[in-house]
Structure formats: C-alpha cells, structure tokens
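Novice: Kindly return the folded structure for what I paste below:
(chains A and B)
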Amino acid sequence: MKDPSEKFRKLISWIAFLSIIGIVFTSIFPWVSVSKTLPIEGKMFYNFETMKNSNDENIITLSEKVNIINILFFLILILVIFSYIFLIIYKTQKYSSLPQILIIIGSCTILVTCVLINYLIYSFSEAVNNTEYMSTPYVFASFQYSHIILIIGIVLLIISAASTSVIIMYSYDYFKYEAKGKKSSQKILKGKAEKKLDLKEASAGVKKSKKSVTIKHEEIEDWLKDEVHNIEKHSESIKKLTADFYEEEQVEKPKTQDKIKETFSKKDLPRIPEEKPIKKGVIPLGNPFDEQDNTPIKIKETGKTYDSGMTKSSFSENEDVKVKPVQKLETDLTFSKKPKSEPFKSEVKKTEVKIPDDLVLTDSFDKVLSSVIEKRQKETKRSSDFDQKDKTLERYDENAEVEKSELNGEKITTFTVRCPMCKNVFSVKKTGEITKIKCPKCGKEGVVK
Amino acid sequence: MAFDEEDILDEEFLRAKKTDRLTKEDILDEDFKKARIIRGKNLMGPKKKKKKTFLLSGIFLIIVALICIGIIIKAPWAYIKADQYENSGEADAFIFKDYDKYDLGDDNESQTIINIFEPKNCSDDCNYLGLTFDDFYTPPKITFYGFILLVILGIIFLLYQLIDRKRNFSFESFIITHSIFSAVTIIVCTYLLIVLLKFFGVYLLLYHNDPFILSNNIIFLSPVVLVLVFILLGIIKVMFSILKFNYNQLKQDIKEKDSKNPFFIYKGGRDGVILE
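Specialist: The predicted model follows:
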C-alpha cells in the first residue's frame, strides 16, 4: 500500500492553480455579446462587472450564473487550501484518521463543485444561444471565450476526480487493514482474558468442565509442536556442521530431539539443561545430556589440587582413556556467529584455558592431556575449515547480492522478522532504506528499516 | 612439568582465535552502533534538537502590505481621458483611494464623465453598458482594508513566533499554525485579486466595444493596479511555497524518525536489526 500523499499534494496544487486562473478569466473575459441596431449597428460585449450593472433584465439574470461560477471557483480554492492543511496535519501523524476523513470530504466536495461549474457554464451558453439578440463572444473563428473557462472546468474535473480516487482508494485499504488489525487484537485480548480467567479459576480450585480442559491441552500441544518444529529447524544447520565431527570420533550424538520428545510426551515444557558457568582452569568435557556422574575430578599431587574439569565417567578402569567430545569448545568454534534471535539460545561463553605453571602431573594425566591437545589441534583445523566454508558461503551470498543489485539497481538483503500481531516469523527481502512488507499469515502491513 | 598455553594452543589456533575475537568485537560494535542509531541516539553525543527556523514570512507580509497601503493611499489608481460630447472638448480624471479628498470641484470637466463606455449619440437611456465612473472608487477602499488585514495577520504570526521562542511549542504544531496562517493569507489575497481584476476587464471591453464608445481617443491607464496584482500573485506564490516547504519538512522528519508510521514497524531481524 503506497502512501499517495505526494501524488495527492501535486494534484491539489494543480487544482489550486487552475482555480485561480478560472477566477481571473471569469472576471476579465466578456461573457455575452448583444446585437444592437440603435444608435449604431453592431455587437456590444459585456463582462462580469458590466453584466451586473446593465439595465437589461436578461443580462442581469445571466450575470447571477456567472457570479455563482466565480464563487464556485473561489470555493474550490478554499477547499484545496484546507485539504493542503489537512494533508500537513495527516503528515504530522498527530491525528491518525480525522484529517484523512476531512481530506476525503474536501476532495469529494471539490469534485461535486467542478461538476456544478461545468454544468453552469454549459447551461449559461445554452441560455445565451437560445436568446435571439444575444450570443457568446468569440476569441477567433468559432472559439468562444466561455470555451476557455469550460476547458478549465473540465481539466479541473478530471484532476479532482483523480485526486478523489487516489485518496479514496488509499483510505479504503487503510481502514480495511485497520479494522482487520483491530479484530485480531481484540481476539488476542479476548484469548488473554480467557486464559487469565482460567488461571484464576484454577488457582481458586474451581472444577472445570472436561471440554475446556481438553481444549487447553490441545492448545498447549499445538504450541509445543510449533516450538519443537522451530527448534528442529534451527538445529538443522547445527546438525549438519557437527555431523562430520561425530562420525569421525564415533561418539554418540546428544539425543536432544529424543529428549525433547520424551519431555513432550510427559506434557511438560521442553527444558534445556542450564549451562553451568565455566571457571578458569576448567576444560569442559562430557555430554550435558549424559546422566552419568559429571563431578569434576580433582587430582591430588604433591599437595596441590588441579581441577581438570573432566568427569569420572570419562576414564576407564584400565586407564585407556576415551575422551568425550569437547562440546562447548566445538559449539564455540563452529557457531560463534549464531543469530541472537533464535528461540532457544545457544549462547556459549568463551573459555580461556589457563593452567597453572607450577603443576606436576602424573603419567596417566599427561597422556590424557596430550590426547586432549591433539584433539584440540584437530578441532582448530576443523574450525578453520568450517570458517573457510562459512566464508565461501558468505562470498557466494555477496556474489548473489551483487547479481541482484545489478539486476534491480538496488541492494537486496534478506531479514527474518516476526509479526507483532500473530508472532509469525518469516523472511523478507529488503530493498532500499525502507521496505514495506506484509505478514503472509495475518496480512498485517509494516515497514522494515 | 611446566604447562604453558603455547604447549596447548599452536600459533594458528591463537591467530584464528584472535581474528575470531576481533571479528566478534567488530560485529558487536556495529550492532551497538546500529541499535543506537535506531533508538535515536547520536553516536557523537547527545541528540541535537531540531531547530525551528525563524521564518520571515510574517515580517515579509507586514513589509509588503505596508508598501501596498502606501501605494493605495498616495498613487492614483487609474487615469481616464476621453473626448466629451461633440465639440465640447476633452475630459480627464484620476481615480484615487479617497474620492472626497481628491475632488476637483464642480468647475472641473472630469465631473462630466459619468459613464466610461458612454455610447455615441447618447439619448436619456445611455447607461446600458454599465460600469460607471463611480464603480472604480470601491476597489481602492476594499483593497486598503484587505492589506490592513494582511498586516494584522503578519503581526499575529510574528507574535506567535516570538511566543514560540519562549514557550517552545512542538515542531508539528508550529508547522500546522504556520500553514493555517499562510492559507488565510492566500484566501485574503485571492479576494483582493478578484476586486482588482475589474480594472483589467476594462481593457478588454474597450477593445471590443470600440465602435460604441463616444470618444475616439479614450485612455484608461491603471499601472498601480497592475503592480498590486503582481504583488498579490507573488504573495500567493510565496504562501503556496511555504505550504510546500512545511510539507517537505514533515516528510524529511518522518524519513529521519520513521517512528510515527501509520502501520506497524518491523524493527526486527537477525542481521543487526532489532526485533520487537
């Protein structure tokens, strides 16, 4: 829905200009020519002022029509000026719909006035031609003075019709969408009110009917389904990137989806385990979904303790160390540039591994450490590979943007936005500074800056 | 066994980490800047208040109207020179704002010019063409009061601007008031234009009704009226341009703010745009 205020402003400026010309011409031009025989044979011309002062009754009656035409031109000018002011008030956005309504009324009145002017000019020329001794004066050949004013009237009529149609079409769409928005907001408010009431009833221990309970559960289920679907969507990219790593290491993947499904089956909200804050000197290991003993091992050696951050489960009995993937580090390296607006945030705090220098370790721990170092080095290589991949992807995207820009002459960038009305998340292609968009679900219109 | 960072992290890893950090910091900085811009905060310091320009339209209107009043009072509006009846000599007359003040007396021949378009061989009923000599005495008086009204309008707007400096009205209300003021001025000017156009009609009538006019060498001059008409058209043009200027200012303001849009603003997205 394009804002037509600029177009409307131009049209009403033209109307104002033409109405001033109309006023000038009606005042100056001769309207009637009377054929006289006495004392001299010929035609006498009367303009607006002379018609008023004439002693001929027919001319005086005709002068009233001319007077009305003059007043109507003046009225159009006044209406146009007021429309201009209403347009300025509308642009200030202080009063949303009132100036719009007044503009519509004004433009409609201008249209009617233009019609009336044309009718009066036509009727005037008809009346003059019907009278025997009168005729309309000619500029040249058969082109009359009144024709000039008639042309101005017709042009005014066309422009006013255009301006009226522009403003009416825009207002119709505007009020339609506003009504839709009101309806949807009322629905939301009603829903919220019902939910509040339900909660109050539940807290008060009031027994509810089975129907209401089932509906509520269904609603919750639907909501949960949507949420799970969203999680799956967002975790797809993560899975793809982590797949290679898990395949190589032959380590069990964290069964996040299964966990979520389990929780869903229990009709509880999906809970993601809270990330414990990682202290300095702690190497985070282990799967957060493992139900094993994840208490960190403290190695006592020469009276000093060292918190390795590794779990007991990560050590086998025969000292063959099987180190589980460093999940936190992995996520940190691979998905550091993750968007913040995802439903389940995977914000990972960066950890700096600082190990005290004066630490003496056992042989077994030394082995573990060496293996960890090797893995880290591998991971760094992998991460660099990932980064390279990402870069290539970005480059591809940039190229695509350039291609698009070459085609359309404007930069096109994609955004994901959430509708404030229905909370629907959808992608939008932005062109220029401001792009107007429409929600595909509820039809709410808006602007992306 | 000494355990340094260098042992664990090789150079490439460190470099990658450094670059990664840098990029992250850069991204955060950019995001922060964008957020500040969106929230209307200037990065260079506090947001500058939009200065309301002291528009000189009020002063301009007062000055122009005073000049016009001076012209109306002092200068003659029109000069008419015509032959009298056959062999009775010439008659001429100046039309001033105040007819009584510039009355030339009974002895003067100008008093005999009653009708400008006085026909040849006029009998008793010779006023059928209308537009007598006295018809031209009303426009100067009307235009005089009209220009006084314009002066009052100019003073009112000047006072409003001075009050605005102390009370500091909102930008929108200032623009609306200014537009209303200019609209009223346009209406007054247009009415004065209609009044003055009577003088221009005479030229066309003289051209067309030449065979019916008694005098062969009738002269009708109204240079002051021409000047006044052009001044009035100029004022109308200036007032329309003020309206356009106000509109464009609001348009720019909306572009800058973009906050008071009639629809929802999707302040949102992943790539640096805030989601609400």
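
Novice: just the helices in chain A please.
Specialist: A:5-28, A:48-53, A:57-92, A:98-130, A:145-204, A:210-249, A:256-265, A:327-334, A:363-408 (DSSP state H).

Novice: mean confidence for the last one?
Specialist: Along helix A:363-408, the predicted confidence averages to a pLDDT of 57.

Novice: With chain A in mind, check whether the longest helix belonging to chain B reaches it.
Specialist: Ranked by residue count and defined by DSSP H, the top helix of chain B is helix B:171-208. Yes. Helix B:171-208 lies within reach of chain A by CB under 8 Å from any CB of the partner chain, at B:172, B:175-176, B:179-180, B:183, B:186-187, B:190-191, B:193-194, B:197-198, B:200-201, B:204-205, B:208. Where C-beta positions appear, they are placed from N, C-alpha and C, glycine not excepted.

Novice: on that earlier part again, now the weakest link among the helices of chain A, please, by mean pLDDT.
Specialist: Minimum mean pLDDT among the helices of chain A: helix A:327-334, a mean of 43.

Novice: nearest to A:I437, of the helices of chain A?
Specialist: Nearest to A:I437 among those is helix A:145-204 (13.0 Å), distances taken as CB to CB.

Novice: for the stretch 1-150 of chain B, which spans come out with low pLDDT?
Specialist: Scanning the stretch 1-150 of chain B for pLDDT under 70 picks out B:1-25, B:33-34, B:36-54, B:82-91, B:99-133.

Novice: just the stretch 151-276 of chain B next, same as before
Specialist: B:213-217, B:253-276.

Novice: Buried ones in stretch A:119-126, by neighbour count?
Specialist: A:L120, A:I121, A:F124, A:S125 (16 or more other CB atoms under 10 Å in any protein chain shown).

Novice: I'd guessed the second one sits against A:I149; true?
Specialist: What it means is A:I121. Yes. Under the criterion of CB atoms under 8 Å, A:I121 makes contact with A:I149 at 5.9 Å.

Novice: Mind listing the shared neighbours of these two?
Specialist: Residues touching both A:I121 and A:I149 by CB atoms under 8 Å, 6 or more residues apart in numbering or on different chains: A:I69.

Novice: Just the local confidence number for the spatially closest residue to A:E178 that is not a sequence neighbour, please.
Specialist: Excluding the flanking residues, the one nearest A:E178 by CB to CB, 6 or more residues apart in numbering or on different chains is A:S97, at 7.9 Å. On the pLDDT scale, A:S97 is placed at 78.

Novice: measure A:S97 to A:I103 for me?
Specialist: Distance, A:S97 to A:I103, by CB to CB, to the nearest Å: 11 Å.

Novice: So those two - more neighbours on which side?
Specialist: Neighbour count, other CB atoms under 10 Å in any protein chain shown: between A:S97 and A:I103, A:I103 has more, with 27 against 13.

Novice: close enough to count as contact, that one and A:I89?
Specialist: No. Using CB under 8 Å, A:I103 makes no contact with A:I89, being 9.2 Å away.

Novice: Get me the contact residues on the stretch 151-300 of chain A for chain B.
Specialist: So far as CB under 8 Å from any CB goes, the stretch 151-300 of chain A lies against chain B at A:Y174, A:Y177.

Novice: number of nearby residues for the closest residue to chain B within the stretch 151-300 of chain A?
Specialist: Nearest residue of the stretch 151-300 of chain A to chain B, counting by CB to the nearest CB: A:Y174, 6.9 Å away. Using other CB under 10 Å as the criterion, A:Y174 is surrounded by 18 other residues.

Novice: Also the one 5 residues further on?
Specialist: Other residues near A:A179 come to 10 when the count uses other CB under 10 Å.

Novice: Count the residues that sit near the spatially closest residue to A:K441 that is not a sequence neighbour.
Specialist: Excluding the flanking residues, the one nearest A:K441 by CB to CB, 6+ apart is A:N424, at 4.1 Å. Per other CB under 10 Å, the neighbour tally for A:N424 reads 14.

Novice: And the pLDDT for A:N424?
Specialist: So, for A:N424, pLDDT stands at 77.

Novice: quick revisit: which positions within the longest helix of chain B qualify as buried?
Specialist: Quick answer for helix B:171-208 (16+ other CB under 10 Å): B:171-172, B:174-202, B:204-205, B:208.

Novice: Then stretch A:21-35?
Specialist: A:21-34.

Novice: what's in contact with stretch A:183-192?
Specialist: A:M421, A:C422, A:C442, A:K444.

Novice: how does it look with 10 Å?
Specialist: For stretch A:183-192, contacts defined as CB atoms under 10 Å, 6 or more residues apart in numbering or on different chains pick out A:E219, A:P420, A:M421, A:C422, A:K423, A:C442, A:G443, A:K444.

Novice: Run a quick check on the third one versus A:C442, I expect a contact.
Specialist: Yes. A:M421 is within contact range of A:C442, at 5.1 Å (criterion: CB atoms under 10 Å).

Novice: Please enumerate the shared neighbours of those two.
Specialist: Joint contacts of A:M421 and A:C442 (CB under 10 Å, 6+ apart) are A:K180, A:G181, A:S184.

Novice: Can you tell me which of those residues has the most neighbours?
Specialist: A:G181 (18 neighbours).

Novice: so what's it closest to, chain neighbours aside?
Specialist: A:G181 sits nearest to A:K444 (CB to CB, 6+ apart), 6.2 Å away.
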